[in-house]
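>>> sequence and predicted model, in that order:
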Amino acid sequence: MKSFSLLVIMTALAGCASNQIARPHTEDGERTESCKKVSEAEIGALFDRWNQSLQTGDPHQVVANYAHRSILLPTVSNKPRLTPAEKADYFQHFLENHPSGKIDLRTIELGCNTAVDAGLYTFTFAKTGVSISGRYSYTYRWNGSEWLITSHHSSAMPENK
């Protein structure tokens, strides 16, 4: 009985210490989720898709790049944007100066139906002619039909402040 109790405790502790993320499984224990095959170039192109949506001037087209459950931590607002309406409100004001982004340095990490694109970018605002360098990170998730942003952080470089 003592050995059995010890086995149960060790099994429970091993489960707690595991760093594996739970994935959908069948009753037989087989994994049911399949990983979307993707390249770094495809993930890099998602920034281009987002940047092109900025060029439309329509905040709703920009927000369409984000998963319904996502977070935007924007450069020029102290308020985290969680809902599509909050993101649209932010982009409504951001788009007034006609921004266009360019990647200066990036690193891309690929996972199973997730990806991270992080680095440095520069925004030029056509209305004012001002350019601002910033740091960024986008996390993406494959939803079964498209890659959507699940988190987006952007901040001005410290020397810009």
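Everything's here; your move.
>>> tell me the secondary structure for the spatially closest residue to residue 76 that is not a sequence neighbour?
Nearest residue to residue 76, sequence neighbours excluded (C-beta to C-beta, 6 or more residues apart in numbering): residue 94, at 6.8 Å. Just so you know, the C-beta spots here come from the backbone N, C-alpha and C atoms, and that holds for glycine as well. Here residue 94 is recorded as helix under DSSP: H, G, I helix; E, B strand; the rest coil.
>>> let's see the pLDDT reported for residue 94.
With respect to pLDDT, residue 94 has a value of 95.
>>> then residue 33?
For residue 33, the model assigns a pLDDT of 72.
>>> any idea how far residue 100 is from it?
Per C-beta to C-beta, to the nearest Å, residue 33 is found 37 Å from residue 100.
>>> looking at the two, which is more packed in?
Set residue 33 next to residue 100 and count neighbours by other C-beta atoms under 10 Å: residue 100 wins out with 14 against 10.
>>> how about the contacts made by that one?
Counting by C-beta atoms under 8 Å, 6 or more residues apart in numbering, residue 100 touches 51, 54-55, 123-126.
>>> which strand residues bridge it?
Residue 100 has these beta-bridge partners by DSSP bridges: residue 124.
>>> what separates it from residue 37, distance-wise?
Applying C-beta to C-beta to residue 100 and residue 37 gives a distance of 31 Å.
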